[in-house]
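Engineer: Predicted structure and sequence below. I'll ask about it afterward.
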Amino acid sequence: MFIRSIVLSAALLALPVLSVPVAAQTTAPDSDQLPTAFTGSVRHVSGLVGPVSAGGAIGRDASGGVLGVDSVVNFQGSFYDPGLAISAFGVGVQFAWPFSMVGNQPYGGPNVSQHTTRINAPIVPMIVDLRNFDGSPRYVNGQRLIADGTQFVAAVLHSPLFQNYPYSSSDRPTQFNDAVHRAQFFHRSDDDWHTLLVPAVKTARTMVFIRGTYRFSLNADGTCCAAIIVDESTFNSAFFPPGFGIGDTTTPIGTAETVGDITTGDIATFLFPNTYLANVTPTAVSGCCVAGYHTYDLEPGDASNGFRERRYVLNYSAYTSNNFFNAPFLDVTALSHELAETFADPFVANATPIWLAPNGNCQNNLESGDVIEGLSNMDYPITMNGMTYHPQNEALVQWFAGQSPSNAIRHAYSYPDTTVLTTAATSLLTDCATPLNLASAPR
């Protein structure tokens with residue numbers, strides 16, 4: 001069973017798409033081959049469990065992980081900021097906003113031992129196999145339509161997501177996500193508080209899609225593929241286990257769980273080659289495109305784990321190897337976005353006051369990448385290991401809390417580029433425009 005993705009905003013990462021050069025055709029392009037005039041946008045989706053004034057205040061302590069759950073190590077904290085909470089029971093004012101984040105708590109003290117937390121981060125390369133209507137292998141101009149994500153694994157492993165690089169939030173070089181995590185708790189944690197990912201490449205898994213559920217664009221040399229756009233509903237049905245319980249071997253996630261390639265203590269990445277999601281029919285594409293999401297697969301517990309529910313924290317992320325999108329959206333942009341949001345909201349349940357981001361996104365969750373995606377300065381280029389990578393800048397918890405001034409590093413609201421966000425979020429009404437007025441707010 002998986003926690004379904006819910007889009008809370010219609011304006012997510014609005015990046016225009018460049019046409020992609022297609023090799024000279026010996027025959028006319030197939031009807032589902034993306035035309036050179038194709039345009040769309042790329043966005044990220046969070047697997048949300050549900051939608052859930054004055055300057056805010058960040059709590060000064062934290063407690064242990066979520067009770068009754070077998071999952072990645074996490075701590076719970078909170079911030080104070082009057083805002084509207086949305087639930088099945090209606091809309092009302094909420095003052096305290098609890099959150100869960102990845103790692104051990106950052107707050108020091110006489111009874112708190114601060115140390116480095118290392119989290120296994122399996123990478124499952126994905127092979128995308130595009131088929132004909134009858135299920136047979138598909139060829140275009142003699143080239144097989146199949147894309148193998150294993151070709152991008154080395155670049156990911158050598159990226160700042162898993163390799164050390166100097167950041168102002170750490171006294172020694174560290175990983176990108178740890179640097180962001182440390183920035184928001186910079187004045188609460190000590191130098192030994194780190195949350196690091198330990199990558200391990202697992203067996204590649206294949207997903208097969210039948211013509212009519214995908215569109216494609218060829219590389220300049222005629223091979224597959226500069227971009228693959230898959231119907232989102234079809235993708236999710238084939239990606240997640242169909243039932244409730246370990247033992248499925250028909251889907252990538254189910255198989256990885258069953259054979260032990262991913263465990264409840266991990267943050268798992270399913271790495272796709274230039275593969276994006278949208279609403280796809282045999283004749284049209286709309287809602288393009290989703291480049292990644294983070295969520296968890298929920299499975300039941302048993303006697304071996306004290307009957308705690310199992311949460312396999314994971315992400316689908318597209319590795320972008322070309323300039324298909326006319327934006328600073330390349331290589332690990334999507335993966336950095338999803339991993340940072342996993343650190344900030346591993347169980348996709350951290351509600352916040354309603355906020356409006358500079359990119360036009362209006363949401364009520366602690367999704368740190370959604371605030372900045374699509375901006376001209378969204379990425380933070382890092383050159384290392386012979387390549388320039390493009391991880392994404394992230395909003396810090398102080399921005400969501402409406403805290404002014406911020407008590408993050410350098411009073412920042414974003415990181416690593418502290419100039420992307422210069423003021424905190426304003427707590428809004430459901431129209432995403434009107435600031436909350438406690439005197440007239442719904443109770």
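Structural biologist: Yep, that arrived.

Engineer: Now Gln184. Nearest residue, chain neighbours left out?
Structural biologist: Leu396 (4.1 Å; Cβ to Cβ, 6 or more residues apart in numbering). All C-beta spots, glycine's among them, are computed from the backbone N, C-alpha and C.

Engineer: didn't Arg138 look like it was pressed against Phe209?
Structural biologist: No - here Arg138 lies out of contact with Phe209, judged by Cβ atoms under 8 Å, at a distance of 9.8 Å.

Engineer: Name the residues contacting each of these two.
Structural biologist: Both Arg138 and Phe209 are contacted by Leu130, Arg131, under the criterion Cβ atoms under 8 Å, 6 or more residues apart in numbering.

Engineer: how many other residues sit next to Trp193?
Structural biologist: 24 (other Cβ atoms under 10 Å).

Engineer: swap in Asn407?
Structural biologist: Neighbours around Asn407, by other Cβ under 10 Å: 17.

Engineer: same deal with Asn393?
Structural biologist: Neighbour tally, Asn393, other Cβ under 10 Å: 26.

Engineer: And for Ser189?
Structural biologist: A count of nearby residues for Ser189, using other Cβ under 10 Å, gives 18.

Engineer: same deal with Asp192?
Structural biologist: 11.

Engineer: May I have the secondary structure class of it?
Structural biologist: Assigned state for Asp192: coil (three-state reduction, DSSP: H, G, I helix; E, B strand; the rest coil).

Engineer: That one contacts Pro106, correct?
Structural biologist: No - the criterion here is Cβ under 8 Å, and Asp192 misses it with Pro106 at 10.6 Å.

Engineer: Do me a favour and get the end-to-end distance for stretch 131-145?
Structural biologist: One end of stretch 131-145 to the other measures 8 Å (Cα to Cα, to the nearest Å).

Engineer: and if you look at stretch 158-168?
Structural biologist: Criterion Cα to Cα; first-to-last residue distance in stretch 158-168 is 21 Å.

Engineer: For the closest residue to Tyr415 other than its chain neighbours, give its distance to Ala227.
Structural biologist: Closest residue to Tyr415 apart from its sequence neighbours, by Cβ to Cβ, 6+ apart: Ala183 at 4.0 Å. Shown here: Ala183 relative to Ala227, a distance of 33 Å by Cβ to Cβ, to the nearest Å.

Engineer: Of those two, which one has the most company?
Structural biologist: Ala227 (28 against 24).

Engineer: Which residues are in contact with that one?
Structural biologist: By Cβ under 8 Å, 6+ apart, the contact set of Ala227 is Val20, Leu34, Phe216, Ser217, Asn274, Thr275, Tyr276, Phe324.

Engineer: I'd assumed Val93 was in contact with Leu438.
Structural biologist: Yes - using Cβ under 8 Å, Leu438 is in contact with Val93, at 6.7 Å.

Engineer: what about those two, which has more around it?
Structural biologist: Between Leu438 and Val93, counting by other Cβ under 10 Å, Val93 is the more crowded of the two (16 against 12).

Engineer: so the more buried one makes contact with Leu84?
Structural biologist: Yes - Val93 is within contact range of Leu84, at 6.5 Å (criterion: Cβ under 8 Å).

Engineer: What helix or strand is the closest residue to Gln33 other than its chain neighbours located in?
Structural biologist: The shortest distance from Gln33 to any non-neighbouring residue, by Cβ to Cβ, 6+ apart, is to Phe216 (6.1 Å). Assigned by DSSP states H and E, Phe216 belongs to strand 214-218.
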